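1. coordinates for the following, if possible.
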Amino acid sequence: MLWIDEPDTEGRSEVNHALMMDVADPLLAAFEAFWERLLTDGCAKAGAGWTSLSVEIADRQVADDDPGYLRAVFHNGQHRPCAGLGGYYVRGAVFDCLQPKGESNDAFNRRQIRWFLDLYRLLKQAARAPRVQPLLCAITAIRPLPVSAATAFGWFDLQLDQDAFGPLPVEDQELLLGTQPAPPISSRISSVASSAATPARSWPS
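-> This is a model prediction of the structure:
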């Protein structure tokens, strides 16, 4: 694993920080390092006025896409990315979620949401690591830091201090139950930019 700095590609002057994973790197250890870097910077830059954190996964869905990633962004009270704090990324082949030939769109979408949730569970587990907990306590002592996580249809509360997630968007709940039709394939398959891509959904409010 190696941290690198990247220029922001969304019109901001911030520098993004990306943890580059090798195939053999354990994802739990990567997520622990991710939290450690993010929370350390958040504590040091409390003056940036952050009030929340958003986390999203951009998966590689077809072989021609660029590698996927997990991204976290600090937001201010106006639900905009904080000045002075770039995005935090974990990049690697672990974020591949390919749709094999013959798999229906409905089946893929149900598998994808379960895959998202498995990754977010591991992210929560990493936040409880001994190396991360003191930093999490330190940043929440400055001010509360709610964390929202993204699915294909919206956002939910990650609830780092609890075992369970907050309620999923209704569309995701219906998808898991098999009552929500899959979105058109054209809305799901798009190249993932190798650096910061514009989110497919609005930031949480």
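2. drop to CA atoms for contacts and neighbour counts, all remaining ones
-> Noted.
3. please report phi then psi for Asp65.
-> Dihedral pair for Asp65: phi -70, psi 160, per degrees, to the nearest 10.
4. secondary structure class for Gln159?
-> State at Gln159, reduced to three classes by DSSP: H, G, I helix; E, B strand; the rest coil: coil.
5. tell me who's in contact with it.
-> Contact analysis of Gln159 by Cα atoms under 8 Å, 6 or more residues apart in numbering lists Pro146, Val147, Phe165, Gly166.
6. in this protein, which helix has the most residues?
-> helix 105-127 (DSSP state H).
7. most neighbours among the contacts of Gln159, please name it.
-> Among these, Val147 has the most neighbours (other Cα atoms under 10 Å), with 20 neighbours.
8. tell me the pLDDT of the spatially closest residue to that residue that is not a sequence neighbour.
-> Nearest-residue entry for Val147: Leu53, 4.8 Å, with adjacent residues in sequence omitted and distances by Cα to Cα, 6 or more residues apart in numbering. For Leu53, the pLDDT comes out at 97.
9. over to Asp106?
-> In this model, Asp106 is scored at 84, pLDDT.
10. what does Ala83 give?
-> Ala83 is assigned 89 on the pLDDT scale.
11. contacting residues for it?
-> Glu14, Ala48 are the contacts of Ala83 under Cα under 8 Å, 6+ apart.
12. Three-state assignment for it, please.
-> coil.
13. can you check Val55 too?
-> For Val55, the assignment made with three-state DSSP gives strand.
14. can you tell me the closest non-neighbouring residue to it?
-> Per Cα to Cα, 6+ apart, closest to Val55 is Ala72, 4.3 Å.
15. and the next helix or strand past the helix or strand hosting that neighbour?
-> Counting by DSSP states H and E, the element that carries Ala72 is strand 69-75. Next along the chain after strand 69-75, taking DSSP H and E as the criterion, comes strand 88-91.
16. let me see the mean pLDDT of that next one.
-> Here strand 88-91 scores 96 as its mean pLDDT.
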